[in-house]
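[1] Structure, please.
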Amino acid sequence: MEPTFTHFNKDEIPKWQFQGVTATLIAGEVLGRISPVPVHSKLYFLELTSRENKKINIGPELFGESGLYVLEGSLSSDGNTYGPKQILIAKDSSLCEFELAANTIIYIFGGEPFPEERHIYWNFVSSDKNIIERASNNWKLQKFPKVPGESDFVPLPT
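    Reported below is the predicted structural model:
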């Protein structure tokens, strides 16, 4: 498909409390909520924010493979503690049971795995590396539509 851009205001993204934490569903469908952000496969991208120590068990609610990224604070699982800028990967999302420390923000993303290999370069994802190369060149040449309200150009990372 051709590259697209869709904007949603903060108040349009599902946000709620559960198990003592604040959840925000950025994209996809999980925990009985659906984000309005367009997706093209069965997936979820969830932010959890904890203001106090909380034990969380959402594994039975997730599906497919999962990645968990610690933005701030820490989480503990199976006797191990993980801090900011660490990422955990689980081939089986049912393993998502952990304890969040106070003032922790994590992101959980996952879904059904693709049958073919995917390649990622910055914001470009495809099963064809040539498509990523073309998108990268088009970004450098500023051929993408401008982001509403943005005046600065973000260069392609090297």
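[2] can you give me phi and psi for the most far-flung residue of the chain relative to its centre?
    Distance from the centre of the chain peaks at residue 141, with 27.6 Å (C-alpha atoms, centre = their mean). Residue 141 adopts backbone torsions of phi -80, psi 0, taken as degrees, to the nearest 10.
[3] Which other helices and strands does the lengthiest strand in the chain contact?
    Scanning the chain for the strand with the most residues, using DSSP state E, yields strand 21-30. For strand 21-30, the contact count by 3 or more C-beta pairs under 8 Å, 6 or more residues apart in numbering; DSSP states H and E identifies strand 15-18, strand 33-34, strand 43-50 as packing neighbours. In short, each C-beta sits where N, CA and C put it, glycine included.
[4] before we move on, back to that, let me know the pLDDT of the residue farthest from the centre of the chain.
    If you check residue 141, the pLDDT there is 94.
[5] how far away is it from residue 153?
    11 Å (C-beta to C-beta, to the nearest Å).
[6] cool, and residue 127?
    Per C-beta to C-beta, residue 127 is found 28 Å from residue 153.
[7] The strand or helix carrying residue 139 packs against which elements?
    Assessed by DSSP states H and E, residue 139 sits inside helix 129-140. Contacts defined by 3+ C-beta pairs under 8 Å, 6+ apart place helix 129-140 against strand 119-121, strand 124-126.
[8] ok, back up a step: what angle do the longest strand of the chain and strand 43-50 make?
    Going by axes from the mean of the first three to the mean of the last three C-alpha atoms, to 10 degrees, strand 21-30 is angled at 180 degrees with respect to strand 43-50.
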